[in-house]
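K.L.:
coords please:
(one chain, ligands or ions: 2)
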Amino acid sequence: MSDCIFCKIVNGDIPAAKVFENEHVVAFLDISQVTKGHTLIIPKVHKENLYELTPEIAKNLFEVVPQIANGIKAAYKPVGLNLLNNNGEKAGQSVFHFHLHLLPRYGEEDGFG
Ligand code: 5GP
Ligand code: ZN
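P.N.:
Ligands and ions are numbered 1, 2, ... in the order given. Below you'll find the predicted structure:
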């Protein structure tokens, strides 16, 4: 999708701090870090939301989530981690290319939730 900001990141048309990439998936730091190490994981193929994912896309995406989470855990040493996903504007989705948020947690002082 030519006007999708995450497709532009996949294609290298705009920069992103990538922390993981393979044939199907890319993960990069969120531009607006809710907590330190806040990371987004996306399929390279443009799918708007969870309802549009095929089993194969979901498999390719979710099978690398533990590896990315372990990388974040090692790099940032959080005390916890949230895995979040918003579908639809009313659920807080603002970029309509499916993504998972990995949100490292640091206890009371992290200011989230
Ligand atoms: P949503 O609200 O759709 O679940 O999350 C979208 C996320 O994408 C937000 O946390 C927002 O900060 C992030 N975001 C939006 N535009 C960009 C961008 O150009 N680069 C990066 N790295 N993150 C972005
Ligand atoms: Zn897209």
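
K.L.:
Show the contacting residues for the most centrally placed residue in the chain.
P.N.:
In the chain, the centroid-proximal residue (Cα atoms, centre = their mean) is residue 40; its distance is 1.8 Å. If you count contacts by Cβ atoms under 8 Å, 6 or more residues apart in numbering, residue 40 has them with 6, 27, 28, 29, 30, 99, 100, 101, 102. All C-beta atoms are positioned from the backbone trio N, CA, C, and that covers glycine.

K.L.:
near ligand 2 too, which of these?
P.N.:
residue 6 (Cβ under 5 Å from the ion).

K.L.:
mind listing what's buried in the helix or strand containing residue 9?
P.N.:
Following DSSP states H and E, one finds residue 9 within helix 5-11. Residues of helix 5-11 classed as buried: 6, 7, 8, 9, 10 (neighbour count, 16 or more other Cβ atoms under 10 Å).

K.L.:
Wait, the third one touches residue 26, no?
P.N.:
Translated: residue 8. No. Residue 8 is beyond contact range of residue 26, at 11.6 Å (criterion: Cβ atoms under 8 Å).

K.L.:
and the biggest helix by length in the chain, average pLDDT?
P.N.:
In the chain, assigned by DSSP state H, the helix with the most residues is helix 65-76. Helix 65-76 shows a mean pLDDT of 98.

K.L.:
cool, stretch 105-113 as well?
P.N.:
Stretch 105-113 comes out with an average pLDDT of 83.

K.L.:
and the longest helix of the chain, what does it pack onto?
P.N.:
Applying 3 or more Cβ pairs under 8 Å, 6 or more residues apart in numbering; DSSP states H and E, one finds that helix 65-76 contacts strand 18-21, strand 39-43, strand 80-84, strand 100-105.

K.L.:
and these, which is most packed in?
P.N.:
strand 39-43 (a mean of 23; mean count of other Cβ atoms under 10 Å).

K.L.:
And the contacts of whichever helix or strand comes after that one?
P.N.:
Per DSSP H and E, strand 39-43 leads on to helix 55-62 as the next helix or strand towards the C-terminus. Contact with helix 55-62 is made by 24, 25, 41, 42, 43, 45, 47, 53, 100, as judged by Cβ under 8 Å, 6+ apart.
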